[in-house]
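Q: Have a look at this prediction, sequence included:
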Amino acid sequence: MKNLRDFKNFNLKEFDSLLIERLNNWSLPVLRVSLGIIFIWFGALKPFGDSPANEVITKTIYWFDPDIFIPILGFWEILIGICLLYTPLIRVGLFLLALQMPGTFLPLVLRPEICFIDAPFNLTLEGQYIIKNLVLIGAAMVVGGKLAPIKRVEN
């Protein structure tokens with residue numbers, strides 16, 4: 001009967017407040033570290049030719065030598081991830097991410113046949129891989145939006 005008594009004493013409002021407090025304490029660090037890991041992981045695959053994005057990049061950014069461009073892009077993404085993991089460099093990482101993200105959507109415009117089965121809603125696997133970047137952008141905006149403003153130094 002002890003379990004039933006405990007259930008009767010369960011306070012949903014207290015549980016809700018406790019859960020929200022825990023989420024407020026942990027969600028931003030988890031989001032930032034998750035972003036960092038994703039960028040390091042996806043970036044590390046590129047120089048070794050193991051990224052599923054390499055073929056799409058090669059077909060889209062055809063004016064650059066992929067043997068040079070893809071490793072540079074991979075190291076750029078690794079740098080974004082490192083900056084997101086190292087608190088003093090979060091702003092740098094978000095800036096690098098903001099420069100990189102628009103390019104990830106180029107295949108949707110320049111090579112729609114790679115991204116869509118039937119435009120605009122029926123995406124290929126490559127198209128889904130690209131569209132998921134909207135979540136990364138939103139997550140980066142949350143991380144950036146929670147930064148404390150830089151204090152102005154008065155002379």
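A: Nice, thanks for sending it over. Numbers count the residues shown, from 1 in each chain.

Q: Which residue ranges of this protein form strands?
A: 116-118, 122-123 (DSSP state E).

Q: any chance of those in JSON lines, plus mean pLDDT and mean neighbour count?
A: Placement of C-beta: from N, CA and C, glycine included. Shown next, in JSON lines, are the strands of the chain (pLDDT from 0 to 100; neighbours: other CB atoms under 10 Å):
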{"stretch": "strand 116-118", "mean pLDDT": "91", "mean neighbour count": "12"}
{"stretch": "strand 122-123", "mean pLDDT": "94", "mean neighbour count": "13"}
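
Q: Is it possible to get TSV of those strands that adds distance to residue 82?
A: Output for the strands of the chain, formatted as TSV (distance: least, CB to CB, whole Å):
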stretch	distance to residue 82
strand 116-118	34
strand 122-123	31
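
Q: right, and those strands - which one's nearest residue 27?
A: Smallest distance to residue 27 across the strands of the chain (CB to CB): 28.5 Å, for strand 122-123.

Q: State which helix of the chain is the longest.
A: helix 12-45 (DSSP state H).

Q: Give the buried residues for that helix.
A: By neighbour count on 16 or more other CB atoms under 10 Å, the buried set for helix 12-45 is 31-32, 35-36, 38-40, 42-45.

Q: Ok, stretch 143-154 next?
A: Quick answer for stretch 143-154 (16+ other CB under 10 Å): residue 143.

Q: How about residues contacting it?
A: 28, 31-32, 35, 84, 90-91, 94 (CB atoms under 8 Å, 6 or more residues apart in numbering).

Q: ok, now which ones touch residue 90?
A: Per CB under 8 Å, 6+ apart, neighbours of residue 90: 32, 83-84, 143-144, 147.

Q: How about residue 129?
A: 52-53, 56.

Q: Same check on residue 39?
A: 77-78, 80-81, 84, 97.

Q: I'd like to know which of those residues is nearest to residue 115.
A: Nearest to residue 115 among the contacts of residue 39, with distances taken as CB to CB, is residue 77, at 19.9 Å.

Q: from memory that closest one sits against residue 100, does it?
A: Yes. If you go by CB atoms under 8 Å, residue 77 and residue 100 touch, sitting 7.0 Å apart.

Q: so where's this structure uncertain?
A: 1-9, 155 (pLDDT under 70).
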